[in-house]
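J.: Got a predicted structure here, sequence first:
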Amino acid sequence: MKSIFNYFFRGLLFVLPIFATFYVILVIVNWANNTLNTLLFSWLPFQIPGLGLISAFILIVLLGMAVSWAFSRPIFSYFESIIARTPLVKIIYTAFKDFTEAFVGDKKKFNRPVLLQLFEGVDRIGFITEEDLAFLDIESKVAVYCPHSYNFSGNLFLVESGRLTPLHINPADAMKFVVSAGVTQIENNDG
């Protein structure tokens, strides 16, 4: 009887992460597909599965192309300047834009993992996001973002460089390690 429970829990350890991952993806995909189908194709007398997702992909690619063209940049810059002058919207928009650019834009910020010494014997993995804090009138510190485990949040610490040890690992692996609460195994590539 004990071995049946052991097999059950081993099976659960295999199935649960896969199910949870696919469930979250499925919820997001269904929401995006249904929303775009309702917005763009409500006039059709029938539903085409996946049409909303295909439309979203095409619209995002076209928008990316339009933003890249020299003659259309002033239009997008004007639109962003309007958002930048709108109270409350400015705070939300710029925070999301900067956070997105930190991962996928030209200004990638989460590419320098470090070990931050909080106090003797206790360290935390983080990412240097800004080395020059002169705009805050801070001369001898850097900004280190430390993400939380199993969450889309974290803490920003302003620390002296001497309290940091560079980690010579892939930044994506470092992020996975932190977000998984140290459960995910990573290999040190010494690079």
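T.: Looks like it came in fine.
J.: I'd like the distance between residue 46 and residue 37.
T.: 11 Å (Cβ to Cβ, to the nearest Å). The C-beta positions use only the backbone N, C-alpha and C, and glycine is treated the same way.
J.: Residue 16 too?
T.: In this view, residue 16 and residue 37 are 31 Å apart by Cβ to Cβ.
J.: who has more neighbours, the two?
T.: residue 37 (19 against 10; other Cβ atoms under 10 Å).
J.: contacting residues around the closest residue to that one other than its chain neighbours?
T.: Excluding the flanking residues, the one nearest residue 37 by Cβ to Cβ, 6 or more residues apart in numbering is residue 52, at 4.2 Å. Contacts for residue 52 (Cβ atoms under 8 Å, 6 or more residues apart in numbering) come out as 32-37, 40-41.
J.: Check which helices and strands the helix or strand of the chain with the lowest mean pLDDT sits against.
T.: Comparing helices and strands within the chain by mean pLDDT, DSSP states H and E singles out helix 89-104 as the least confident, with a mean of 75. Here helix 89-104 touches helix 73-85, going by 3 or more Cβ pairs under 8 Å, 6 or more residues apart in numbering; DSSP states H and E.
J.: picking up where we left off before, mind putting the contacts of residue 52 into TSV with secondary structure, distance to residue 113 and pLDDT?
T.: Output for the contacts of residue 52, formatted as TSV (DSSP: H, G, I helix; E, B strand; the rest coil; distance: Cβ to Cβ, whole Å; pLDDT from 0 to 100):
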residue	secondary structure	distance to residue 113	pLDDT
32	helix	31	83
33	helix	36	82
34	helix	38	84
35	helix	36	85
36	helix	37	82
37	helix	41	81
40	helix	41	81
41	helix	44	82
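J.: just these now: which is nearest residue 71?
T.: Nearest to residue 71 among the contacts of residue 52: residue 40, at 26.4 Å, using Cβ to Cβ.
J.: tally of neighbours for the residue lying closest to the closest one once chain neighbours are set aside?
T.: Setting aside the residues directly before and after it, residue 40 is nearest to residue 55 in space (Cβ to Cβ, 6+ apart), at 5.7 Å. Here the number of neighbours of residue 55 (other Cβ under 10 Å) works out to 17.
J.: How about residue 180?
T.: A count of nearby residues for residue 180, using other Cβ under 10 Å, gives 13.
J.: correct me, but it touches residue 151?
T.: No - Residue 180 lies out of contact with residue 151 (Cβ atoms under 8 Å); the separation is 11.3 Å.
J.: ok, now which ones touch the closest residue to residue 113 other than its chain neighbours?
T.: Leaving aside its sequence neighbours, residue 113 sits nearest to residue 174 (Cβ to Cβ, 6+ apart; 3.7 Å). Taking Cβ under 8 Å, 6+ apart as the criterion, residue 174 is in contact with 113, 125, 127, 167, 186.
J.: and those residues, which of them are in helices?
T.: If you go by DSSP state H, the contacts of residue 174 have nothing in helices.
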